[in-house]
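*Asks:* how would this look folded up:
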Amino acid sequence: MKRIPFKHTYRTIIDPGEFHVCNKQEVISTLLGSCVAACLYDPVNKIIGMNHFLLAYRHHAHNMPLIETEEGRYGMYAMELLINEMMKKGASKFNLKAKCFGGGNVLQLREDKINKETVGDVNIEFIKAFLKQENIPIVGACLGGEYGRNIHFVGNDFSVYVKKIATNQVQQLEQEERQFWKKSVSEHESKQSQADFW
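*Replies:* Now for the predicted structure:
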């Protein structure tokens with residue numbers, strides 16, 4: 001996470017696995033490929049927050065809701081951290097609204113050969129299911145596609161500026177997401193082997 005001066009305020013840039021919450025007129029930014037960012041805000045108490053997550057596990061049973069599966073735990077954890085921190089800063093869960101971004105097919109990985117789901121598809125499915133379950137309305141979204149996005153969430157009016165990333169950034173983004181993906185999968189495998197051992 002990096003915080004830099006921006007015009008009359010500050011801009012906080014978050015990376016995969018991070019989140020940021022503020023109650024000032026700041027800007028929160030991130031670069032998305034297959035990952036999803038949930039931009040939540042409480043317009044009454046003027047609290048905003050954003051996370052950036054990539055679901056950590058590659059397979060789920062299609063006969064049960066994604067948010068109840070093992071792979072849903074990472075996305076669930078990312079959302080709970082964000083919501084809890086917003087409430088600590090004075091937000092009310094009943095006021096929360098969401099704008100969601102990302103889920104692009106930049107990794108070119110398929111989750112399931114039969115169902116042809118990409119990493120981005122699974123992320124989109126998760127965030128929609130989670131927000132529906134929590135009764136948090138999605139009031140804006142730019143999800144899916146074959147491209148990455150730069151997004152900037154502005155605290156003074158809750159707007160989100162989206163810019164498709166340039167071709168020369170796609171390769172860098174893909175490398176970063178693959179590293180994050182591998183790290184998540186290896187952490188999961190390590191936990192599984194420890195669980196099997198104990």
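
*Asks:* all helices of the chain, in order?
*Replies:* 72-88, 119-133, 167-197 (DSSP state H).

*Asks:* Return the member of those helices having the minimum mean pLDDT.
*Replies:* Across these, helix 167-197 has the smallest mean pLDDT, namely a mean of 53.

*Asks:* Kindly check the end-to-end length of stretch 140-154 for me.
*Replies:* Terminal residues of stretch 140-154 lie 14 Å apart, using C-alpha to C-alpha, to the nearest Å.

*Asks:* What is the burial count for the closest residue in space to Cys100 that isn't next to it in sequence?
*Replies:* Nearest residue to Cys100, sequence neighbours excluded (C-beta to C-beta, 6 or more residues apart in numbering): Ala141, at 4.6 Å. In short, each C-beta sits where N, CA and C put it, glycine included. Using other C-beta atoms under 10 Å, Ala141 has 18 neighbouring residues.

*Asks:* tell me the contacts of Ala141?
*Replies:* Neighbouring residues of Ala141 by C-beta atoms under 8 Å, 6 or more residues apart in numbering: 99-101.

*Asks:* quick one: Arg3 and Ala141, what's the gap?
*Replies:* Distance of Arg3 to Ala141, computed by C-beta to C-beta, to the nearest Å: 26 Å.

*Asks:* scratch that, Gly17 is what I was asking about
*Replies:* The spacing between Gly17 and Ala141, counted by C-beta to C-beta, is 21 Å.

*Asks:* just Asp121 next, same as before
*Replies:* Separation of Asp121 from Ala141 (C-beta to C-beta): 14 Å.

*Asks:* go on, Asp42?
*Replies:* Applying C-beta to C-beta, the value for Asp42 to Ala141 is 19 Å.

*Asks:* In the contacts of Ala141, which residue is surrounded by the most others?
*Replies:* Result: Phe101 is most packed of the contacts of Ala141 (other C-beta under 10 Å), 25 neighbours.

*Asks:* ok, now which ones touch it?
*Replies:* The neighbourhood of Phe101, defined by C-beta under 8 Å, 6+ apart, consists of 32, 36-37, 39, 141-143, 149, 151, 160, 162.

*Asks:* Quickly name whichever of these is closest to Cys22.
*Replies:* Closest approach between the contacts of Phe101 and Cys22, by C-beta to C-beta: Cys39, at 12.1 Å.

*Asks:* Which positions are bridged to the closest one in the beta structure?
*Replies:* Cys39 forms beta bridges with Met50, Lys99, as assigned by DSSP bridges.

*Asks:* Go ahead and confirm it touches Met50.
*Replies:* Yes - with contacts counted by C-beta atoms under 8 Å, Cys39 reaches Met50, the gap being 4.9 Å.

*Asks:* joint contacts of those two?
*Replies:* Common neighbours of Cys39 and Met50 (criterion: C-beta under 8 Å, 6+ apart): 28, 153.

*Asks:* Just the terminal-to-terminal distance for stretch 123-143.
*Replies:* Taking C-alpha to C-alpha, stretch 123-143 runs 10 Å from one end to the other.
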